[in-house]
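>>> just a sequence and a predicted model for now, questions to come.
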Amino acid sequence: MKAVVSAGDLAEALSVAALVMPSSTTLVAYTGVLFSVHADDAVLRLTASDGTTTLTAPITIDSADAADGSLLVVPGPLRSFLATLPANTQVSLTAAASCLAVEASDSPPYEFNALAATLPAGEGNVGAFTPIDFSWLPTVLAACASSASAPAGSAEAVVHVKSSPQGLLVSATDSVRVTRVVAAGVVWPYEIDAVISIKTLRLLRKLGVTAVGSHEVNRSLIFGFGDGGVCVTRTVDAPFPAVDVVLQTENAVAVTVDVTQMRTALARLKSVAAAKSGAGSVCPLVVDVSGSELCLSMNTVDVGAGSELVPVAGSVAPIRFGVNIEYLTDAFLAVSAAQAVFSWTSPSTPLRVDDAASGVHVVLMPVKL
């Protein structure tokens, strides 16, 4: 293997590959980056994997200075070396029997030991890519991360991604609440119905993915980023709870609430909430509805008490119900519009927070008072 690249291009590609490498692993192959050269297409490819997701970052090279081959190298020491060179320095890479020989004009020759391991092959020919608008990714991460949970047998919280006539539907649930983001107008190149980890979505955002592979390969999704970069990630082999019925049920009473006012009120009330306000909390936030106001109150034995009045548009019948303050806070943090619709039917049926503008819909169970 032989290739000549700039120090800056090589350092950038190594940084991309490092995004997927596990912080700790017992498999030697996952601690390295595979350098592979195909002189015919004049590309040096850097590939790394954590066993679930594989990233390949390409660098265009001069085929006249290239020779086919591959080598697996730990990236950290090489990145440290490259950091000492100007970005435009030309670096020659040559694979020896057990090392990567590196020569640069501003440095004496260096050798970096190769790993005696084999990185599992990717999916091979990934086929054509379809450009997709991924501007919905930040909204999904902001809305779904707090309510996503890990299925049995998995350590990663997940979301469900599904095609629909309305666009792409992304849902998350922890059995107490359900969050859905409708990415209106987003058309996947095929009918997608997959469970994906939140960790994968965060990686896709960092990569700035712009395209999707034209098909699903062996339960893996394929994404394109940058100038020819490829991300292949396996979907989670676990069923996702049936949440459509809950999300499609409309409540009998709905009011429009100023999101900033609600967030401020909830933030102040959290100062007197118990240290633990999870699903098993005995101190729920009390919501008293009267006319055109919501009276939110919190009274905990170990911290204190407080109440807030939040005006709403219109006038509704009086009702009192309880709700987990953390979950209601997450719901109003998930929406991005200036106003959201807060709705209910009874003190024992699900509550909803809806923001049609950003496509965010949250359903959460009340807490018994």
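Perfect, I can see it now.
>>> can we go C-alpha only for contacts and neighbour counts from here?
Fine.
>>> strands along the stretch 51-200 of the chain, start to end?
53-60, 69-73, 90-95, 99-104, 107-113, 129-131, 158-164, 167-173, 177-184, 193-197 (DSSP state E, counting those that start in this stretch).
>>> what helices or strands is the longest strand seen in the chain leaning on?
Of all segments of type strand in the chain, defined using DSSP state E, the longest is strand 304-323. On a contact count with 3 or more C-alpha pairs under 8 Å, 6 or more residues apart in numbering; DSSP states H and E, strand 304-323 meets strand 253-258, helix 259-269, strand 285-300.
>>> and these as CSV, adding mean neighbour count, mean pLDDT and distance to Ser135?
Shown next, in CSV, are those (neighbours: other C-alpha atoms under 10 Å; pLDDT from 0 to 100; distance: least, C-alpha to C-alpha, whole Å):
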stretch, mean neighbour count, mean pLDDT, distance to Ser135
strand 253-258, 18, 95, 25
helix 259-269, 18, 96, 22
strand 285-300, 20, 94, 34
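>>> looking at the ones you listed, which is nearest to Asp106?
Nearest to Asp106 among these is helix 259-269 (55.9 Å), distances taken as C-alpha to C-alpha.
>>> just the CA trace of the closest one, in PDB.
Provided in PDB are the C-alpha atoms of helix 259-269 (Å, rounded to 0.1, in the frame of the first residue of the first chain):
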ATOM      1  CA  VAL A 259     -44.100  28.200  25.800                       C
ATOM      2  CA  THR A 260     -41.700  30.600  27.500                       C
ATOM      3  CA  GLN A 261     -44.100  31.400  30.300                       C
ATOM      4  CA  MET A 262     -44.700  27.700  30.900                       C
ATOM      5  CA  ARG A 263     -40.900  26.800  30.900                       C
ATOM      6  CA  THR A 264     -40.200  29.700  33.300                       C
ATOM      7  CA  ALA A 265     -43.000  28.600  35.700                       C
ATOM      8  CA  LEU A 266     -41.800  25.000  35.600                       C
ATOM      9  CA  ALA A 267     -38.200  25.900  36.200                       C
ATOM     10  CA  ARG A 268     -39.100  27.900  39.300                       C
ATOM     11  CA  LEU A 269     -41.300  25.200  40.700                       C
END
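>>> now do it against strand 304-323, angle only.
For helix 259-269 against strand 304-323, the angle by axes from the mean of the first three to the mean of the last three C-alpha atoms, to 10 degrees is 120 degrees.
>>> just say helix, strand or coil for the spatially closest residue to Leu119 that is not a sequence neighbour.
Using C-alpha to C-alpha, 6 or more residues apart in numbering and skipping the chain neighbours, the partner closest in space to Leu119 is Ala29 (5.1 Å). Going by DSSP: H, G, I helix; E, B strand; the rest coil, the secondary structure assigned to Ala29 is helix.
>>> Ala29 and Pro75 touch, don't they?
No - Ala29 is beyond contact range of Pro75, at 11.9 Å (criterion: C-alpha atoms under 8 Å).
>>> of those two, who's got more company?
Ala29 (22 against 19; other C-alpha atoms under 10 Å).
>>> quick one: the more buried one and Leu115, what's the gap?
In this view, Ala29 and Leu115 are 8 Å apart by C-alpha to C-alpha, to the nearest Å.
>>> anything in contact with each of those two?
Leu72 (C-alpha atoms under 8 Å, 6 or more residues apart in numbering).
>>> any low-confidence regions in the stretch 1-150 of the chain?
121-126 (pLDDT under 70).
>>> coming back round to it: Thr249: which of the strands of the stretch 51-200 of the chain is closest?
Nearest of the strands of the stretch 51-200 of the chain (C-alpha to C-alpha): strand 177-184, 12.3 Å.
>>> what separates the closest one from the chain centre, distance-wise?
Relative to its parent chain, strand 177-184 has a centroid offset of 14 Å by C-alpha atoms, centre = their mean, to the nearest Å.
>>> per-residue pLDDT of the closest residue to Thr54 other than its chain neighbours, please?
Excluding the flanking residues, the one nearest Thr54 by C-alpha to C-alpha, 6+ apart is Val232, at 5.2 Å. At Val232, the model reports a pLDDT of 92.
>>> equivalent analysis for His215, please.
For His215, pLDDT reads 72.
>>> was I right about it contacting Glu191?
No - with contact defined as C-alpha under 8 Å, His215 does not reach Glu191; the gap is 9.4 Å.
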